[in-house]
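Participant: coordinates only, no sequence provided:
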């Protein structure tokens, strides 16, 4: 004879087993759907795809870019992931670069391109995402309004640190070092130069080069959006010499004494087997500078030095000058 508790326990156990089986079935179906979805999306399909087109060109005296007034429709093969992304949300934009000769004038500020004429440019913009089969849209119209232009220099914005005993020779070189800017005259008249994005390097121990973008300016377009940069970096050695200070430009009836008559010259040169002596350097003060100054102190200038010297400084920085009359032997 089975007790009431035994019957209830058996019912509960049976119910839990049923729910567990249903959960396993649902989980299996979900996993199967996910596997099917991944497999389906990895396959390639031939479909029609629509794009808004941003055309980049270099028409003289006109805007550098324009958005098509028409929709570009193509047929191509792509995987399901890309097609799904294209179908979700708003229509995607395709940026196409063309030469000015590919643009045909229609009227006013309006130009158009024949799709077949720029087919290779479209293929390049599509990249590996789509294998183009054919283009449905025959022509695309673009408006390129007239814009003022001027040429301005490109300035390097850099943050560069060097490894021990390495330093740059000169500054960062840019190519091109100037570009054309386009826009309303009220905007471009206020722009004297444009800047690269920050060129950030650390621990540099040799020549460096690369490509940097140019920081955009609102309502202004550029003839180039990137520049090539390079910086020559060499290993150096630091040395110290005691070098006499000479005087130049003193009239024949005058004499000028410098105190101290020699200073300590610390310099950095390119690492090599070269050997320098004080005679390889000429430090001088000029009589004309002394006449123009309101005090007797001058900063000696390094007017001659060996090739390969990268940097120098002297100690003390200033020297005192005393002007004497040769005939009387007295100070003036």
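Facilitator: It's in. Just so it is clear, the structure is predicted and the values come from calculations on it, not from any experiment.

Participant: what's residue 185 in contact with, if anything?
Facilitator: residue 148 (CB atoms under 8 Å, 6 or more residues apart in numbering). Where you see a C-beta, it was placed from the backbone N, CA and C, and this is true even at glycine.

Participant: make 742 the starting number, not 1.
Facilitator: With the count now opening at 742, the last piece we talked about shows up as residue 926.

Participant: so which strand or helix has residue 1014?
Facilitator: In the assignment (DSSP states H and E), residue 1014 maps to no helix and no strand.

Participant: for it, what are phi and psi?
Facilitator: phi -90, psi 10 (degrees, to the nearest 10).

Participant: could you count how many residues lie near it?
Facilitator: 4 (other CB atoms under 10 Å).

Participant: quick check: it vs residue 1049, distance?
Facilitator: Going from residue 1014 to residue 1049 by CB to CB, to the nearest Å gives 11 Å.

Participant: then residue 1026?
Facilitator: 25 Å.

Participant: the two - which one has more neighbours?
Facilitator: Counted by other CB under 10 Å, residue 1026 and residue 1049 do not tie: residue 1026 has more neighbours, with 23 against 16.

Participant: what lines up beside the helix or strand harbouring that one in the sheet?
Facilitator: Using DSSP H and E, residue 1026 maps to strand 1023-1027. Using DSSP bridges, strand 1023-1027 pairs in its sheet with strand 967-989 (parallel), strand 1042-1045 (antiparallel).

Participant: what's the first helix or strand after it?
Facilitator: helix 1028-1033.

Participant: around the nearest residue to residue 1008 once chain neighbours are set aside, how many other residues sit close by?
Facilitator: Nearest residue to residue 1008, sequence neighbours excluded (CB to CB, 6 or more residues apart in numbering): residue 1053, at 4.1 Å. By the criterion of other CB under 10 Å, residue 1053 has 15 neighbours.

Participant: ditto for residue 952
Facilitator: Neighbours around residue 952, by other CB under 10 Å: 10.

Participant: would it count as being in a strand?
Facilitator: Yes: per DSSP: H, G, I helix; E, B strand; the rest coil, residue 952 lies within a strand segment.
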